[in-house]
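Enquirer: Mind folding the following:
(one chain, ligands or ions: 2)
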Amino acid sequence: MKPSIILYKALPDDLMQRLESHFTVTRVPDLKPETVQQHADAFANAQGLLGSSQNVHAPLLEKMPQLRAASTISVGYDNFDVDALNARNILLMHTPTVLTETVADTIMALVLSSARRVVEVAERVKVGEWTSSIGADWFGIDVHHKTLGIVGMGRIGLALAQRAHFGFGMPILYNARRHHAEAEERFQARYCELETLLKESDFVCLVLPLTEETHHLIGQKQFELMKKSAIFINAGRGQVVDEAALIAALQNGEIHAAGLDVFEKEPLPIDSPLLSLPNVVALPHIGSATHETRYNMSACAVDNLIDALNGKVEKNCVNPQAAR
Ligand SMILES: NC(=O)c1ccc[n+]([C@@H]2O[C@H](COP(=O)([O-])OP(=O)(O)OC[C@H]3O[C@@H](n4cnc5c(N)ncnc54)[C@H](O)[C@@H]3O)[C@@H](O)[C@H]2O)c1
Ligand SMILES: O=C(O)[C@H](O)CO
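Expert: Numbers count the residues shown, from 1 in each chain. Ligands and ions are numbered 1, 2, ... in the order given. Next comes the predicted model:
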């Protein structure tokens with residue numbers, strides 16, 4: 001008999017077929033308590049869980065006594081209670097690598113659009129404000145050869161460094177938990193303490209996971225350390241930044257501009273002050289959102305679940321020690 005699983009995200013047809021060739025699949029819209037209640041038997045029998053962007057915490061796990069593996073269609077897994085999974089020997093699989101280059105592209109788009117005011121001036125053209133040769137009030141600032149500070153030199157940080165170094169001739173500073181030999185050798189990246197990076201960078205780019213340690217890592221004190229001309233980019237997780245402090249820093253001119261793909265609360269509430277600031281480019285968490293990459297992430301997550309339920313945890317497993 002095929003193992004039963006819960007799927008809480010739509011998949012392309014061919015991946016759905018692949019999944020159904022291995023498992024009996026119950027498709028649900030989300031993991032809200034009312035959905036779980038409605039499909040109580042399916043949750044009670046499920047050995048696998050596949051989807052993205054929903055919290056998987058202890059109360060849900062209590063409803064899934066047979067669960068052996070969860071597979072998220074994302075590299076970030078801060079929405080999972082990993083301790084609770086470990087306590088029950090439930091494997092957690094994720095999708096690193098397949099999205100790295102695409103997310104680095106998105107970050108370069110944020111860097112360029114914030115510095116050159118692409119969104120703001122394109123809007124001015126659309127509303128008919130381009131009526132004569134533009135003046136200095138429409139100018140941006142240069143990106144090439146400016147100093148880029150990367151906080152979190154992991155897979156995406158490295159791909160960003162490659163673009164910035166070879167494409168834009170940018171000197172690179174970075175802060176991470178340890179030195180990154182490849183970044184230093186290939187891109188002449190210089191390791192420095194966070195405080196130094198904040199003081200010296202023209203662009204401060206966060207590519208960090210959300211953990212207890214990184215929660216609100218950047219707040220008022222850190223914005224005060226940055227150059228008044230600095231552009232702040234966050235493409236990791238919103239909660240790494242104290243958003244109220246970011247708003248104040250932008251309003252008070254402590255930093256020049258911000259390019260943001262992630263927010264403390266998503267979707268970003270329409271009344272967020274960030275949306276009325278002309279020096280903010282706000283994207284709807286599109287880091288990996290291309291057709292190709294989202295397909296590859298889903299395919300990876302399907303294969304990960306098949307692997308995990310067959311005891312294969314050599315790759316893409318967050319907690320291989322939970323293998324029984
Ligand atoms: N905006 C998006 O759509 C999007 C897409 C993909 C990933 N992300 C986020 O980006 C994160 C990074 O992805 P990745 O694949 O590069 O992961 P990764 O694990 O390869 O890199 C993370 C890096 O951060 C470093 N780090 C962790 N805590 C730190 C701290 N306190 N101080 C300094 N450095 C620290 C780690 O050592 C590691 O080098 C993900 O966890 C996810 O939250 C966002
Ligand atoms: O972590 C990731 O993969 C992205 O943020 C999508 O959730």
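Enquirer: surely Ser201 meets Ala164?
Expert: No - the criterion here is CB atoms under 8 Å, and Ser201 misses it with Ala164 at 11.3 Å. Where C-beta positions appear, they are placed from N, C-alpha and C, glycine not excepted.
Enquirer: Name the residues contacting each of those two.
Expert: Leu148 (CB atoms under 8 Å, 6 or more residues apart in numbering).
Enquirer: Point out the residues in the stretch 151-300 of the chain that sit beside ligand 1.
Expert: 151-157, 175-177, 207-211, 213-214, 235-237, 261-262, 285, 287-288 (CB under 6 Å from any ligand atom).
Enquirer: Among those residues, which ones lie close to ligand 2?
Expert: Gly287, Ser288.
Enquirer: Filter the residues of the stretch 151-300 of the chain next to ligand 1 down to the buried ones and hand me the ChimeraX line.
Expert: Applied in ChimeraX, the following selects the buried portion of those according to 16 or more other CB atoms under 10 Å:
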select :151,152,153,154,155,156,157,175,176,207,208,210,214,235,236,237,261,262,285,287,288
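Enquirer: Pull out the buried residues from the helix or strand containing Val121.
Expert: Assigned by DSSP states H and E, Val121 belongs to helix 118-126. Buried residues in helix 118-126, defined by neighbour count with 16+ other CB under 10 Å: Glu120, Val121.
Enquirer: residues in contact with it?
Expert: Leu112, Ser113, Trp130, Ile134, Trp138, Pro278, Asn279, Val281.
Enquirer: Nearest spatial neighbour of the closest residue to ligand 1 within the stretch 101-250 of the chain, chain-adjacent residues omitted?
Expert: Closest to ligand 1 within the stretch 101-250 of the chain is Gly154: 1.7 Å, counting by CB to the nearest ligand atom. Counting by CB to CB, 6 or more residues apart in numbering, Gly154 lies nearest to Val207, which is 6.8 Å off, once chain neighbours are set aside.
Enquirer: tell me the phi and psi of whichever residue of the stretch 1-150 of the chain sits closest to ligand 1?
Expert: Nearest residue of the stretch 1-150 of the chain to ligand 1: Gly76, at 3.1 Å (CB to the nearest ligand atom). Backbone torsions of Gly76, given as degrees, to the nearest 10, read phi -70, psi 140.
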